[in-house]
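Chemist: Please find the sequence and the predicted model below.
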Amino acid sequence: MPHVEKLAKEVYSKNKRIKTIKVNVDKHSELVEFFNIGSIPCLVMVQNGEEKGRYGGGISSAGLRGFYEKAKVLAS
């Protein structure tokens, strides 16, 4: 998902408190279970160890921007 990586870098360059981490679900099945991942790709927004948002399946650039806008508000 190149658009995710591109937007993640853009967002991080503006706000170091918003990080996007890519996880190999085959190697980290404990995270799949912990976050109850049912589809890939899946973006999970976490703040202070608590899930604050989730976006699963195919994601458009506009949908991704909205997801990151919510993260910006939480990081303020």
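Modeler: In hand now; what should we look at?
Chemist: For the helix ranked longest in the chain, what is the distance to the chain centroid?
Modeler: Secondary structure of the chain read by DSSP state H shows that its longest helix is helix 61-75. Put simply, helix 61-75 sits 9 Å off its chain's centre (CA atoms, centre = their mean, to the nearest Å).
Chemist: Which strands or helices does that helix pack on?
Modeler: With contacts taken as 3 or more CB pairs under 8 Å, 6 or more residues apart in numbering; DSSP states H and E, helix 61-75 sits against helix 2-14, strand 42-47, strand 50-56. C-beta: built from backbone N, CA, C; applies to glycine.
Chemist: Quick check: which of the ones you listed is buried the most?
Modeler: Among the helices and strands packed on helix 61-75, strand 42-47 has the highest mean neighbour count (mean count of other CB atoms under 10 Å), at a mean of 16.
Chemist: how many degrees apart are that one and strand 50-56 in direction?
Modeler: Inter-element angle recorded for strand 42-47 and strand 50-56: 160 degrees (by axes from the mean of the first three to the mean of the last three CA atoms, to 10 degrees).
Chemist: Direction included, what does strand 42-47 pair against?
Modeler: Applying DSSP bridges, strand 42-47 is found paired with strand 50-56 (antiparallel).
Chemist: contact partners of the partner strand?
Modeler: Strand 50-56 is contacted from outside by 35, 37-39, 41-46, 63-64, 67, 70-71, 74, using CB atoms under 8 Å, 6 or more residues apart in numbering.
Chemist: Pick the one among those closest to residue 10.
Modeler: For those, the residue nearest residue 10 by CB to CB is residue 64; the value is 10.7 Å.
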